[in-house]
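Engineer: Structure for the following, please:
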Amino acid sequence: MSRFTDQVVLITGGGSGLGRATAIRVASEGAKLALVDVSEAGLAATVEALPEGTEAITVVADVADAAQVKDYVAKTVEAYGRIDGFFNNAGIEGKQNLTEDFTEAEFARVVSINLTGAFLGLEAVLKVMHAQGSGSVVNTASVGGIRGVGNQSGYAAAKHGVVGLTRNSAVEYGKFGIRVNAIAPGAIWTPMVEASMKQLDPVDPKGAATQFLTGNPMLRFGEPEEISSVVAFLLSDESTFVNAAVIPIDGGQSAKY
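Structural biologist: From the prediction side, this is the model:
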């Protein structure tokens with residue numbers, strides 16, 4: 001099955017984790033890719049992992065910088081002439097602290113990347129999709145965007161904002177043939193989650209991970225590939241009447257609390 005033949009998919013955070021897994025997934029089904037990340041090495045590793053013959057460009061960019069966002073969108077359009085799918089995915093976990101101990105600088109940093117970065121990407125890509133009269137956007141929210149997450153006020157605030165952006169944009173752009181949805185991953189074993197476990201217990205991050213999993217009905221972490229299959233569905237024409245959805249992919253974590 002080649003759901004993305006001749007389709008152009010733009011992915012932020014494409015240098016690792018969910019972005020890399022999604023790049024591999026949609027490329028295996030024929031997509032042409034534009035991959036964005038702050039890490040040049042990460043982008044190179046993703047390109048190395050793509051199926052042979054995949055057409056891909058890479059752009060090193062900070063998604064919280066408006067000029068760099070406009071640049072990665074312009075380079076995608078310059079290379080391919082259009083953007084059919086946008087996985088608006090780049091994000092960071094930030095430090096873990098009680099709200100009273102969360103510094104203003106750290107809060108601003110997490111929000112600038114996870115929320116402002118998502119907005120800037122939407123702003124630039126939706127202009128392209130509006131002009132072409134079609135497109136599908138998938139924003140990366142989080143379980144932390146649909147319920148509280150202890151010691152992560154900046155992350156939770158930002159991801160709740162991503163949910164709001166998703167629903168608002170879906171309402172605005174549905175009439176233009178553009179769908180905007182979000183995924184809300186739970187505990188997925190990515191470099192970002194691994195870093196979070198090290199914050200919980202620098203000496204024994206695996207022990208912290210084991211303890212963390214007691215809150216998940218499936219008692220395991222998800223894999224990036226389990227997210228990429230849902231993202232691919234939402235980007236594809238198999239989901240043409242799915243709009244404004246926020247889909248938990250969390251093993252039942254959000255239902256338990």
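
Engineer: quick one, helices of the stretch 101-250 of the chain?
Structural biologist: 104-111, 117-132, 153-173, 191-200, 205-212, 224-235 (DSSP state H, counting those that start in this stretch).

Engineer: Next, format the ones you listed as CSV and append mean pLDDT and distance to L10.
Structural biologist: Where C-beta positions appear, they are placed from N, C-alpha and C, glycine not excepted. Converted to CSV, the helices of the stretch 101-250 of the chain look like this (pLDDT from 0 to 100; distance: least, CB to CB, whole Å):
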stretch, mean pLDDT, distance to L10
helix 104-111, 95, 22
helix 117-132, 98, 7
helix 153-173, 97, 16
helix 191-200, 74, 20
helix 205-212, 69, 32
helix 224-235, 97, 10
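
Engineer: Let's have the ones you listed in a markdown table, adding mean neighbour count.
Structural biologist: A markdown table is the format used below for these (neighbours: other CB atoms under 10 Å):
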| stretch | mean neighbour count |
| --- | --- |
| helix 104-111 | 15 |
| helix 117-132 | 20 |
| helix 153-173 | 21 |
| helix 191-200 | 16 |
| helix 205-212 | 15 |
| helix 224-235 | 20 |
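
Engineer: Make a markdown table out of these and add distance to G144.
Structural biologist: Below are the helices of the stretch 101-250 of the chain laid out as a markdown table (distance: least, CB to CB, whole Å):
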| stretch | distance to G144 |
| --- | --- |
| helix 104-111 | 11 |
| helix 117-132 | 14 |
| helix 153-173 | 5 |
| helix 191-200 | 11 |
| helix 205-212 | 13 |
| helix 224-235 | 15 |
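
Engineer: I'd like to know which of the ones you listed is closest to L18.
Structural biologist: Closest to L18 of the helices of the stretch 101-250 of the chain is helix 224-235 (CB to CB; 5.1 Å).

Engineer: related to what we said a few turns ago, nearest approach to Y80 belongs to which of the helices of the stretch 101-250 of the chain?
Structural biologist: Across those, closest to Y80 is helix 117-132 (CB to CB), at 10.5 Å.

Engineer: what packs against the closest one?
Structural biologist: strand 8-12, helix 66-80, strand 85-88, strand 135-140, helix 153-173, strand 178-185 (3 or more CB pairs under 8 Å, 6 or more residues apart in numbering; DSSP states H and E).

Engineer: looking at the ones you listed, which is closest to F241?
Structural biologist: strand 178-185 (8.5 Å).

Engineer: any chance of the helices and strands packed on helix 117-132 in TSV, plus distance to Q211?
Structural biologist: Converted to TSV, those look like this (distance: least, CB to CB, whole Å):
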stretch	distance to Q211
strand 8-12	31
helix 66-80	38
strand 85-88	31
strand 135-140	25
helix 153-173	19
strand 178-185	19
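
Engineer: Compare those and give me the one nearest T214.
Structural biologist: strand 178-185 (18.5 Å).

Engineer: Now do the closest one and helix 117-132, the angle between them.
Structural biologist: Angle of strand 178-185 versus helix 117-132, following axes from the mean of the first three to the mean of the last three CA atoms, to 10 degrees, is 150 degrees.

Engineer: if we can go back for a sec, to I146, which of the helices and strands packed on helix 117-132 lies closest?
Structural biologist: Once the helices and strands packed on helix 117-132 are compared by CB to CB, strand 178-185 is nearest, at 5.4 Å.
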